[in-house]
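1. sequence and computational prediction follow.
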Amino acid sequence: MSGLLEIFWKELADNFNSKRFVILFILVYLAGAATIYIAAQNIRTMVGDSTSNIFLSLFIVSGSNIPFSFPLFMSIFIPIIGIALGFDAVNSERTSGNLSRLLAQPIYRDDVINGKFLAGLVMIAILVISIVTLVAGLGLRMIGVPPEAEEILRLFMFILVSILYGAFWMSLAILFSVLFRKTSTSALASIAIWLFLFLFMGLIANLIAGAVSPVNQDSTVDQVASFDYLYRMINRLSPGTLYTESIQAILLPILGTSSPTMMMIGIYSGLKPAPLPLGQSLLIVWPQLVGLIALTAICFAIAYIKFMREEIRAT
Amino acid sequence: MNNNKVIEAQNLTKKYGKFVAVDSINLSIAEGEVFGFLGPNGAGKTTTILMLMGFSEPSSGSIKITGYNPAREPIKVKKVVGYMPERIGFYDDLTARENLRYTGRLNGIENPRLNEVIDRLLEEVGLKEKADQLVGKYSHGMKQRLGIADVMVKQPRVAIFDEPTSGIDPEGTDQVLNLIQNMAREKVTVLISSHQLHQVQKICTQVGIFSNGKIVASGSVDKLGREALRKGKFNIILPIAQIAPNVRDDILKIPGAVSIDNIADSTVVVADDDISKALEEVVYRSSGLKVQMKVEEFELEEIYMKYFKES
């Protein structure tokens, strides 16, 4: 246990002292400033005459002609943090010749990988909490509307989900750092996976769904719905989709369900959507959260087993 | 622990697929010994060390270090065993002192004792002035000496060094070897792997010669030399060119004496045992001369070459 703690503190100190952290923090400040700038310009039109969830609107407002919004930024930024914190966790120790020295000390082998994971997790938490409190603080000054209790809970949930999403990318990067000897290879592999999921997943989902249940102008609602269902299910293989869906449901209570089919039905039937209570929002994102946790656990478990069974050579 | 054996291995084998890296070797190293692993690259020295440290699981065979199995009770073994890997590395962005402090804390040593230990060790390895420099700025030789300090932090009973002198200059090599010898004086059992023969000869009390995963010979350098080069016989050299026939007869009567040869300006008595004491007496009695004699010593290099010419 003491070995785990020592490694945790050492890794955390390393994270804080590294230039990586400075770069990430500069990004956090820039994103906070950009969010507030866009909110200042657009929040009035977005909120309109609604009286609920005004504070949360700070976090979801997007520019009318600038392609920036806080959720979009987070869905790109968090994978970068996760990869930056994990890609060289194990292989840099190996190439620097520290790993055998470290493991010659009276500590359990898993203390090394667990300590690194925990230190990275704390790091992600610090970055996510900083950016949320930064936007919240500046926003509060600007709009002067205090958050309601439920909005605070929703922000809290948002922070948790974001940390979880970061944990997934970090455990994936740690997995590559165990699998590949070179730090450049593991970094590249992590980024390749991220790019693939980010850019191509939608395309592939579209292709498959289109092939299985094609739609055109004459399609019935059932056909469109079945295409939509398939498209979304395939997309959900990507943790990015799970994250985006979760934070939409958490930050945008008006979106009872984020499914466009349901919205279409809503529009046709003339029903006005009402904001969902927090419990209902959580119920919607529950499967997504479980999915994210499972993906994180799988990546970390593979990395853990590989690392535990590996032969530790100095060269 | 039985008979003060600190390191014991029986039929230790490591296979990688079909390749046998270590082939059922037996080891028995007593407390306070300085044991040298000799052999060419790829002979199985490092693999054996990895198994001793529990970094690699043996395919078969058993290991006991200070009575514990390193694969089953790694923590107990690592509490008393220090290890310096072949290419030792430190955290380049930490100072030497910080690196040692981390090692100390991982071993559960707390301040103020930790600071005392670190100060003393840095002084011993001659890095006191550079203790607060980043290790990234250290030369290879300095890192190697810091490595020895790193091994010593936990005050081990056993210290294992894998190629501690590879790639450093002669002066650095000397410093490293002296430091290791000092450890041995403090009753630490030392295991060194190397292919730099004369250095090993300088500090090792026992050596084991590795070839193709087997230990082909082990024991003290003298014993190995006798076995490899003199068919197990002792050669005692007397600096006398000629000896009288009656003295010669008396010498051959000593139990264990086998024959007498003349080589250049000296006489060599071949014997089954170290009979130099008896020899001295006999020579004095029968000729009245006090003769300086010595048992022939061997260069490890000769022995080594002999083994590798055969295989």
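-> Nice, thanks for sending it over.

2. ok, residue 112 - how many residues close by?
-> Using chain A. For A:Val112, the neighbour count with other C-beta atoms under 10 Å in any protein chain shown is 22. Where you see a C-beta, it was placed from the backbone N, CA and C, and this is true even at glycine.

3. other chain: chain B
-> The number of residues packed near B:Pro112 is 7, by other C-beta under 10 Å.

4. where do the strands sit along chain B?
-> B:5-16, B:19-30, B:34-38, B:60-65, B:81-84, B:158-162, B:189-194, B:206-211, B:214-219, B:234-238, B:257-263, B:266-271, B:294-295 (DSSP state E).

5. using JSON lines, lay out those strands together with mean pLDDT, distance to chain A and mean neighbour count.
-> Shown next, in JSON lines, are those (pLDDT from 0 to 100; distance: least, C-beta to the nearest C-beta, whole Å; neighbours: other C-beta atoms under 10 Å in any protein chain shown):
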{"stretch": "strand B:5-16", "mean pLDDT": "92", "distance to chain A": "9", "mean neighbour count": "18"}
{"stretch": "strand B:19-30", "mean pLDDT": "91", "distance to chain A": "11", "mean neighbour count": "18"}
{"stretch": "strand B:34-38", "mean pLDDT": "91", "distance to chain A": "15", "mean neighbour count": "26"}
{"stretch": "strand B:60-65", "mean pLDDT": "93", "distance to chain A": "12", "mean neighbour count": "18"}
{"stretch": "strand B:81-84", "mean pLDDT": "94", "distance to chain A": "4", "mean neighbour count": "26"}
{"stretch": "strand B:158-162", "mean pLDDT": "94", "distance to chain A": "7", "mean neighbour count": "24"}
{"stretch": "strand B:189-194", "mean pLDDT": "92", "distance to chain A": "12", "mean neighbour count": "26"}
{"stretch": "strand B:206-211", "mean pLDDT": "89", "distance to chain A": "17", "mean neighbour count": "24"}
{"stretch": "strand B:214-219", "mean pLDDT": "87", "distance to chain A": "21", "mean neighbour count": "19"}
{"stretch": "strand B:234-238", "mean pLDDT": "83", "distance to chain A": "41", "mean neighbour count": "20"}
{"stretch": "strand B:257-263", "mean pLDDT": "81", "distance to chain A": "47", "mean neighbour count": "13"}
{"stretch": "strand B:266-271", "mean pLDDT": "84", "distance to chain A": "46", "mean neighbour count": "20"}
{"stretch": "strand B:294-295", "mean pLDDT": "81", "distance to chain A": "40", "mean neighbour count": "13"}
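
6. out of these, flag the one nearest B:Asp93.
-> strand B:81-84 (21.1 Å; C-beta to C-beta).

7. other SSEs contacting that closest one?
-> In terms of contact count using 3 or more C-beta pairs under 8 Å, 6 or more residues apart in numbering or on different chains; DSSP states H and E, strand B:81-84 is assigned the packing partners helix A:98-103, helix B:45-53, helix B:140-152, strand B:158-162.

8. may I see the buried residues of the third one?
-> Going back to what we said before, that points to helix B:140-152. Residues of helix B:140-152 classed as buried under the neighbour-count rule (16 or more other C-beta atoms under 10 Å in any protein chain shown) are B:141-152.

9. related to what we said a few turns ago, of the strands of chain B, which is nearest A:Leu121?
-> Smallest distance to A:Leu121 across the strands of chain B (C-beta to C-beta): 30.4 Å, for strand B:81-84.

10. list the pairing partners of the closest one within its sheet, with orientation.
-> Sheet pairing of strand B:81-84 (DSSP bridges) gives strand B:158-162 (parallel).

11. report the contact partners of whichever residue of chain B sits closest to chain A.
-> Proximity of chain B to chain A (C-beta to the nearest C-beta) peaks at B:Gly89, 2.4 Å away. By C-beta atoms under 8 Å, 6 or more residues apart in numbering or on different chains, B:Gly89 lies in contact with A:96-98, A:101, B:143.

12. ok, the residues you listed vs A:Asn114, which is closest?
-> A:Asn98 (16.9 Å).
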